[in-house]
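A.B. asks: Next one to model:
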Amino acid sequence: MTPSTPRGPRVSHIGIAVEAIAQSLPFFRDVLGLREVTLDDSDGARIVGLSAGEPLVELLEADDPASPIARFVAKRGPGIHHICFSVDDLDAMLERCRAAGVRLIDERPRIGAEGKRIAFLHPSSTGGVLVELSDH
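C.D. replies: Take a look at the predicted model:
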């Protein structure tokens, strides 16, 4: 067996906070023609995935009024919530971020949607963008 070649970071998905999936889904699915992908709900949000090539677009609707998505929509309204990058070695990338002075929301990886290990980086360290990192 040959060792796998590292792929490097790549865009996994873009999370879009919406008030109601039922109102937002027709544009992405019916007008743009993105194919729906079944995803598990996570972190107090209903999630509908849409294939946009290799990366996904995730529509995120709050299931819990105290969830991060509910707080985001209440404060900023619907819109892009975060971008997720898949990385070859999540633990090493978190250490690299820590060494560079990047503020981590998740000090250690946790389990997110689809059972993937994830960690978020604080927007104050990433040019105002909430960044999620996940294992490939």
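
A.B. asks: Give me the pLDDT for Met1.
C.D. replies: pLDDT, Met1: 45.

A.B. asks: could you show me where the strands are in the protein, in order?
C.D. replies: Across the chain, reading from the start of the chain, the strands by DSSP state E fall at 10-18, 35-37, 45-51, 56-62, 79-87, 110-111, 117-121, 131-135.

A.B. asks: so of those, which one's packed in deepest?
C.D. replies: For those, the largest average neighbour count (mean count of other CB atoms under 10 Å) is found in strand 56-62, namely a mean of 23. Any C-beta I mention is one placed from the backbone N, CA and C, and that applies to glycine too.

A.B. asks: Can you tell me the strand partners of that one and which way each runs?
C.D. replies: Strand 56-62 sits in its sheet next to strand 10-18 (parallel), strand 45-51 (antiparallel), going by DSSP bridges.

A.B. asks: I'd say Val37 and Val57 touch.
C.D. replies: No: counting by CB atoms under 8 Å, Val37 sits too far from Val57 to count as a contact (9.4 Å).

A.B. asks: Pull up the overlap in contacts between these two.
C.D. replies: Residues touching both Val37 and Val57 by CB atoms under 8 Å, 6 or more residues apart in numbering: 49-50.

A.B. asks: What residues does the most centrally placed residue in the chain make contact with?
C.D. replies: Here the mean C-alpha position of the chain is nearest to the C-alpha of Cys84 (CA atoms, centre = their mean), at a distance of 4.4 Å. Applying CB under 8 Å, 6+ apart, one finds that Cys84 lies in contact with 11-15, 118, 131-134.
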